[in-house]
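Engineer: Structure of the sequence below:
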Amino acid sequence: MERVSNSLKNKATERHHRAEVMIAGEQLRLRLHDGKLIKDRRHHLRTYPNCFVAKELTDWLIDHKEAPDRETGIRLMQKLMDHYIIHHVCDEHSDYKDAKLLYRFRKDDGTFPLNKDVKVFMRGQSLYETLINVEDSILKAREENSVKYQRTFLGCEMIDWLIQEGETANRKEAVELGRALLEHGIIQHVSGKHHFFDSNLLYQFRINFRRRRRLTELLNENSPRALSESPDSPFCLRKLNPEQGNTSFLSVQPNKEIKIVSAVRRSSVTSLAGSSNPYFAPTPSLGFLPAAECNPKSVLKRPVTNEELLSPGAPYIKKTLTIVGDAVGWGFVVRGGRPCHIQAVDPGGPAAAAGMKVCQFVFSVNGMYVLHLDYPTISSLIMTGPRTLVLEVMEAIE
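Structural biologist: Residues are numbered from 1 along each chain as shown. Model prediction:
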């Protein structure tokens, strides 16, 4: 059985990093559109559509804590330029300059390069989105050498599925696709030892398309993320100190003490473009819901029951929060069950802006009473609902 060589591993890691840059760039583009930083601008009697001012964007990066200083902001945007994500509107500057110059995302003007690497990336994203949404998916929790891996698949099962769904015409073509996905860092053998084969070897997706990226992660190409996944709450906070196997996010409590929790967050990573190539032709997708192994300590000081919340004269008040999700989600983590509580809130996200706080209890979701439900069920209700989320929460009276 062919093992993966070090050179192939290095190549896959390099391509994996390029994919991470594409995802981070797309998430940033959507956020800037939502924030109206990207818009039509007029300069020297000419209108430039869908562009941004470099100096304003550097300010925005610092204000939104995506960069600690202007120098880092410049390096981040230069990274996007080097990967053909953004460019000067007239292509007069090959460097990103922190000045009143106009730049544009290549996806907004149709100049994004559709090379083979991009097409493989998009195909992998499309396949995962399909797999994650079908009933009785081949993605399951399995063990190998006493280690449990989440959302894995057998090589032969993937090939059967690809043919059954019409994604490939035969097993040879399916193996070629699987090997291309592995060589591009999209899937891997769970222990990283083998290439893709029509066999009972265990594989899993390597890229977490839906995790919200901190832009500063792009400056560190040598910190690959952990591959282990498990179903979890579909909300992601800002990443803290990305390291192998670390899926930690900042959780701010009322006393300002910083806690560490693990989570993922809904985002909108759209397909980057179409293609006439039948082998790598992608279908439009929104990415997929990743997961991070997570069992954080509750932020609640003590357990609270539904009876206690609902008893007459209880020291709790009910509040209604209307949260409009942005390009990357709503920005909070829900945990527990019967009742569920807010475990963490992204200080810069929509939930915080709507008044959500840690330790609030979830009373209803879009008009549906949920005090009797656990957090995976509530997470599902939110994920399958509208972008505008109406939550009733119960908050302790201080």
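Engineer: going forward, measure contacts between C-alpha atoms and count neighbours the same way
Structural biologist: OK.
Engineer: Might you report the residue contacts of residue 362?
Structural biologist: For residue 362, the contact set (C-alpha atoms under 8 Å, 6 or more residues apart in numbering) comprises 339, 340, 341, 342, 370, 371, 391, 392, 393, 394.
Engineer: Got the phi and psi for residue 342?
Structural biologist: Listed backbone geometry of residue 342 is phi -80, psi 120, with angles given as degrees, to the nearest 10.
Engineer: Could you tell me how many residues sit around the nearest residue to it once chain neighbours are set aside?
Structural biologist: Leaving aside its sequence neighbours, residue 342 sits nearest to residue 334 (C-alpha to C-alpha, 6 or more residues apart in numbering; 4.6 Å). Using other C-alpha atoms under 10 Å, residue 334 has 26 other residues around it.
Engineer: where does the nearest residue to residue 306 once chain neighbours are set aside land on pLDDT?
Structural biologist: Of all residues not flanking residue 306 in the chain, residue 339 sits nearest, at 6.1 Å (C-alpha to C-alpha, 6+ apart). We have a pLDDT of 95 for residue 339.
Engineer: May I ask which helix or strand of this structure has the lowest mean pLDDT?
Structural biologist: When the helices and strands of the chain are scored by mean pLDDT, DSSP states H and E, strand 258-262 comes last with a mean of 32.
Engineer: Check which residues of the very next helix or strand once past that one are buried.
Structural biologist: The helix or strand immediately downstream of strand 258-262 is helix 306-310, counting by DSSP states H and E. Neighbour-count burial for helix 306-310, counted by 16 or more other C-alpha atoms under 10 Å, picks out residue 309.
Engineer: for helix 306-310, packing partners?
Structural biologist: Judged by 3 or more C-alpha pairs under 8 Å, 6 or more residues apart in numbering; DSSP states H and E, helix 306-310 has no packing partners among the helices and strands.
Engineer: What is the subsequent helix or strand relative to it?
Structural biologist: strand 316-324.
Engineer: how distant is the helix or strand following that next one from the center of its chain?
Structural biologist: Remark: after strand 316-324, the chain's next helix or strand is strand 332-336, criterion DSSP H and E. Remark: strand 332-336 is offset 17 Å from the chain centroid, using C-alpha atoms, centre = their mean, to the nearest Å.
Engineer: Mind giving me the packing neighbours of strand 332-336?
Structural biologist: Against strand 332-336 (3+ C-alpha pairs under 8 Å, 6+ apart) you get strand 340-345, helix 375-383.
Engineer: rank these by mean pLDDT and give me the bottom one.
Structural biologist: Mean pLDDT values for these show the minimum at helix 375-383, a mean of 84.
Engineer: that older thread, spit out the contact partners of the residue nearest to residue 306.
Structural biologist: 304, 305, 306, 361, 362, 363, 370, 371, 372, 373, 374.
Engineer: Kindly recompute the last result at 7 Å.
Structural biologist: The contact partners of residue 339, taken as C-alpha atoms under 7 Å, 6 or more residues apart in numbering, are 305, 306, 361, 362, 371, 372, 373.
Engineer: Now restrict those to buried residues only.
Structural biologist: Applying 16+ other C-alpha under 10 Å to these, the neighbour count classes 361, 362, 371, 373 as buried.
Engineer: What is the nearest of these to residue 212?
Structural biologist: residue 362 (23.8 Å; C-alpha to C-alpha).
Engineer: End to end on stretch 350-358, go ahead and measure it.
Structural biologist: Counting by C-alpha to C-alpha, to the nearest Å, you get 14 Å between the two ends of stretch 350-358.
Engineer: and for it, what are the contacting residues?
Structural biologist: Residues outside stretch 350-358 that contact it (C-alpha under 7 Å, 6+ apart): 253, 321-326, 330-332, 342-346.
Engineer: most neighbours, which of those residues?
Structural biologist: The most crowded member of these, judged by other C-alpha under 10 Å, is residue 344 (32 neighbours).
Engineer: my guess is that residue contacts residue 333, does it?
Structural biologist: Yes - here residue 344 reaches residue 333: they are 5.0 Å apart, a contact under C-alpha atoms under 7 Å.
Engineer: check contacts around the residue nearest to residue 342.
Structural biologist: Taking C-alpha under 7 Å, 6+ apart, we find residue 334 in contact with 233, 340, 341, 342, 343, 375.
Engineer: Deepest-packed of the helices and strands packed on strand 332-336, please.
Structural biologist: strand 340-345 (a mean of 27; mean count of other C-alpha atoms under 10 Å).
Engineer: chain center to the helix or strand following that one, what's the gap?
Structural biologist: Downstream of strand 340-345, the next assigned helix or strand under DSSP H and E is helix 350-353. Mean-position distance between helix 350-353 and its chain equals 18 Å (C-alpha atoms, centre = their mean).
Engineer: And the average pLDDT for helix 350-353 is what?
Structural biologist: For helix 350-353, the per-residue pLDDT averages 88.
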